[in-house]
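1. Next input, structure requested:
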Amino acid sequence: MSTKTNKRIKAREYARKHRMSLFQVIQKIQKGELAGETVEENGVRISYVYQNEAGTQTTASSGDIPGDRLPPAETADTATLLEEIRALRREIQHLRETIDRCCASAT
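-> Have a look, this model is predicted:
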């Protein structure tokens with residue numbers, strides 16, 4: 001049997017170690033600049049970054065996922081998230097317009 005050479009750490013922990021924001025780490029995972037995965041544990045999505053035992057990150061090209069950066073299941077999740085973001089942006093725009101109308105009539 002082979003020994004495990006990659007260590008899996010939480011993206012938040014990786015961000016703290018490398019003085020980056022969590023958003024930047026997740027973005028690097030999605031772009032394929034960092035090898036990692038997102039796993040749902042107890043109903044919560046947690047992102048992990050793979051590191052070899054020396055403590056340096058591995059790139060996605062040396063990972064187990066050839067071709068696409070995201071597995072098909074995550075691609076569908078991404079499309080769903082993008083649609084939710086669009087809906088939230090429309091709602092924010094509507095709320096801003098409502099606030100502008102309200103504040104304009106108060107003066």
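2. average pLDDT for the longest helix seen in the chain?
-> Using DSSP state H to define each element, the chain has its longest helix at helix 72-106. The average pLDDT for helix 72-106 rounds to 82.
3. mind giving me the domain split of the chain?
-> 1-67, 70-107 (automatic domain parsing).
4. Determine which stretch of these is the most buried.
-> Across those, the average number of neighbours (mean count of other CB atoms under 10 Å) peaks for domain 1-67, which reaches a mean of 14. Every residue, glycine included, has its C-beta placed from N, CA and C.
5. any idea how far L22 is from S47?
-> Noted for L22: a distance of 8 Å to S47, by CB to CB, to the nearest Å.
6. An error on my part: the question was meant for E37.
-> Applying CB to CB to E37 and S47 gives a distance of 7 Å.
7. so what sits against both of the two?
-> Listed contacts common to E37 and S47 are I29; contacts here mean CB atoms under 8 Å, 6 or more residues apart in numbering.
8. circling back: distance between the longest helix of the chain and the chain's centre?
-> Distance of helix 72-106 from its chain centroid, counting by CA atoms, centre = their mean, to the nearest Å, is 19 Å.
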